[in-house]
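Novice: Sequence first, predicted coordinates after that:
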Amino acid sequence: MSAPFDRSLTGELAGGPAGDAGQEWAVSPQAGDEERVVESALRPHSLHDFIGQPKVARQLALVLEGAKRRGRAPDHVLLSGPPGLGKTSLALIIGSELGTSVKITSGPAIERSGDLAAMLSNLASGDVLFIDEIHRIARPAEELLYMAMEDFRVDVVVGKGPGATAIPLEINPFTLVGATTRAGLLTGPLRDRFGFVGQMEFYEPAELQLVLARSAELLGVELTPEGSAEIAGRSRGTPRIANRLLRRVRDYAEVEADGRVTRAVAEAALALYDVDHLGLDRLDRAVLEALVAKFGGGPVGVATLAVAVGEEPHTVEEVCEPFLVRAGLLARTPRGRVATEAAWQHLGYPLPRGGVALGRVTVDPHAPGSSSEPLFDA
């Protein structure tokens, strides 16, 4: 059984896709246990030091300042968005700004309502309870959480069957901070009990350069603006990836160069780690290569595509596709995955006769052997 306030997440959350907990992709937004230790040293401790997410940070600052002036615990906070954008950092900052302690656990670690009741009863007045991946919390625990969030009370059931008795247990006022990468999986009753919902967005390259400059100072790395721009441009808009690439480039600079991270050093290091100028790694390019070279640009099912690259369908769908779709290199369609014109160009393949548009192949109807029938319905 997981201990209360268990800081270690499950293998699927910590290291990557299910079944590959020990593997770390250079540009995966997930973090392993060892990387979380490094991240803790780089995290900001106040909203003033937090870089990026200006709208969420400003809104959250007003919520916290209003609560402090009223002398009450602030509303419960839900932070949603892709992994690696700073949800855990903001949760810790909330505790720091309020001057209270933060208890950390994860949704998968709360298997029974009794586990959650024990955590809530141990909270001091004003404490922050942070539940990562809150959409994966067990349903009995979620139902107990409803009353705790609204009335700061939980009902502990003693006994079984007809003789079971519910004993009300008062708990100290607290602030729940939930983080989720899949807000759509949250139930309506749980989502409605959060007074503030912050949607985390991907970072712009200029914001990532500020993150890298701060991290380089803390790590003692001499980072030039050109080197910072090169790393930021390949970081997929995610600070976690930017910091990871910075550490890999630092290693290269210390071993193969003079320790100074310039553009040339960053380019050489990232080429060694198979991260190209768009932020694609070996697996991303393998997926595109198979789609374009083996299947003529698609459409092709994700299971067939996964077999072609020697990976599990879950890995292709959860690790590769989100960024490939966001980058405009791949389209998900009712008939399968389709490579866009940008994918053909990125891989250096000549475009099919008639060209390729996003989600549709445009064919010259007058060309010999061609058909005017679209590849799939829009």
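Specialist: Looks like it came in fine.

Novice: CA only for contacts and neighbour counts going forward, please
Specialist: Noted.

Novice: Show me the residue at the heart of the protein, geometrically.
Specialist: For the chain, the residue nearest the mean C-alpha position is residue 83 (0.8 Å; Cα atoms, centre = their mean).

Novice: Make sure that one is actually in contact with residue 181.
Specialist: Yes - at 6.3 Å, residue 83 counts as touching residue 181 under the criterion of Cα atoms under 8 Å.

Novice: if I look at the residue nearest to the centre of the chain, how far off is residue 301?
Specialist: Between residue 83 and residue 301 the distance is 26 Å, computed by Cα to Cα, to the nearest Å.

Novice: try residue 259
Specialist: In this structure, residue 259 and residue 301 are 46 Å apart, going by Cα to Cα.

Novice: could you pull out the strands for the stretch 51-200 of the chain?
Specialist: Here the stretch 51-200 of the chain has its strands, by DSSP state E, counting those that start in this stretch, at 77-80, 102-106, 128-132, 153-158, 165-170, 175-180, 196-199.

Novice: Same check on the stretch 251-378 of the chain?
Specialist: Along the stretch 251-378 of the chain, counting by DSSP E, counting those that start in this stretch, strands occupy 260-261, 330-333, 336-339, 356-357, 360-361.

Novice: who does residue 102 bridge with?
Specialist: Beta bridges link residue 102 to residue 128, judged by DSSP bridges.

Novice: Tell me, how many residues neighbour it?
Specialist: Residue 102 is flanked by 22 other residues according to other Cα atoms under 10 Å.

Novice: my guess is it meets residue 92, correct?
Specialist: Yes - with contact defined as Cα under 8 Å, residue 102 reaches residue 92; the gap is 6.5 Å.

Novice: Name the residues contacting each of these two.
Specialist: Shared contacts of residue 102 and residue 92 (Cα atoms under 8 Å, 6 or more residues apart in numbering): none.

Novice: hmm, which helix or strand of this protein has the shakiest average pLDDT?
Specialist: Ranked by mean pLDDT, DSSP states H and E, the weakest helix or strand in the chain is helix 11-15, scoring a mean of 36.

Novice: Neighbours of residue 349, how many?
Specialist: Quick note: residue 349 (other Cα under 10 Å) scores 13 neighbours.

Novice: any idea how far it lies from residue 227?
Specialist: Residue 349 is 30 Å from residue 227, by Cα to Cα.

Novice: Let me know whether residue 146 touches residue 188 as I believe.
Specialist: No - look at residue 146 against residue 188 with Cα under 8 Å: they stay out of range, at 11.2 Å.

Novice: Compare neighbour counts for those two and give me the winner.
Specialist: residue 146 (17 against 9).

Novice: quick one: contacts for that one?
Specialist: By Cα under 8 Å, 6+ apart, the contact list for residue 146 reads 189, 190, 193.

Novice: On the pLDDT front, check it for me.
Specialist: For residue 146, the model assigns a pLDDT of 86.

Novice: Repeat that for residue 198.
Specialist: 88.

Novice: Identify the spatial nearest neighbour of residue 253, chain neighbours not counted.
Specialist: residue 259 (4.4 Å; Cα to Cα, 6 or more residues apart in numbering).
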